[in-house]
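[1] Starting from these lines, generate the structure:
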Amino acid sequence: MSEFKRIPPEQAQALREQGAVVVDIRDQPTYAAAHITGARHLDNVNIADFIHAADLDAPVIVACYHGNSSQSAAAYLISQGFSDVYSLDGGFELWRTTFPAEISSDNSQ
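    Modelled structure (predicted):
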């Protein structure tokens, strides 16, 4: 069984450009207010549907607030059969300062 990898925003951005899926596990109101452009919101309600529909070999980047909760979520995705999972070090907060132009809100999409 493989393990997830922790990556900084710069490496995550490179993976995004190659087609990696970004999932955001923060609460819905926070996600709606601001998230990484193109990120999908994942929570306990929709994660089963996400897993069922996903390509388990495609790269997935998990983002949370500061990079802590995403590690548990990344480990969970590995346990569900995903093979290429990353936890975003520094989470959304570091992403926001590193790539401010790559932020969207539900109002701006």
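
[2] quick one: Gly91 from Ala20, how far?
    Distance, Gly91 to Ala20, using Cβ to Cβ, to the nearest Å: 16 Å. (C-beta placed from N, C-alpha, C; glycine too.)

[3] ditto for Asp55
    Going from Asp55 to Ala20 by Cβ to Cβ gives 11 Å.

[4] swap in His41?
    The gap separating His41 from Ala20 is 16 Å, by Cβ to Cβ.

[5] quick one: low-confidence ranges for the chain?
    For the chain, residues meeting the criterion pLDDT under 70 lie at 1, 108-109.

[6] mind running it again at 50?
    The chain contains residues with pLDDT under 50 at 1, 109.

[7] now the strands for it?
    Counting by DSSP state E, the chain has strands at residues 5-7, 21-24, 35-36, 40-41, 60-63, 85-88, 103-104.

[8] among the ones you listed, which is the most enclosed?
    Mean neighbour count, computed with mean count of other Cβ atoms under 10 Å, is highest for strand 60-63 among the strands of the chain, reaching a mean of 28.

[9] residues near Val45, how many?
    9 (other Cβ atoms under 10 Å).

[10] Just want to know which of Asp55 and Ala20 has more residues nearby.
    Ranked by neighbour count (other Cβ under 10 Å), Asp55 and Ala20 place Ala20 first, with 18 against 11.

[11] Which residue is the nearest non-sequential neighbour of the more buried one?
    Nearest residue to Ala20, sequence neighbours excluded (Cβ to Cβ, 6 or more residues apart in numbering): Pro59, at 3.9 Å.

[12] what about Phe92, neighbour count?
    A total of 25 residues lie near Phe92 under the criterion other Cβ under 10 Å.

[13] How about the contacts made by it?
    Contacts of Phe92 were listed using Cβ atoms under 8 Å, 6 or more residues apart in numbering, and they are 24, 26, 34-36, 63-66.

[14] Out of these, flag the one nearest to Ala75.
    Ala75 has its nearest neighbour among the contacts of Phe92 in Cys64, at 12.8 Å by Cβ to Cβ.

[15] State the distance from the closest one to Val22.
    Distance of Cys64 to Val22, computed by Cβ to Cβ: 12 Å.
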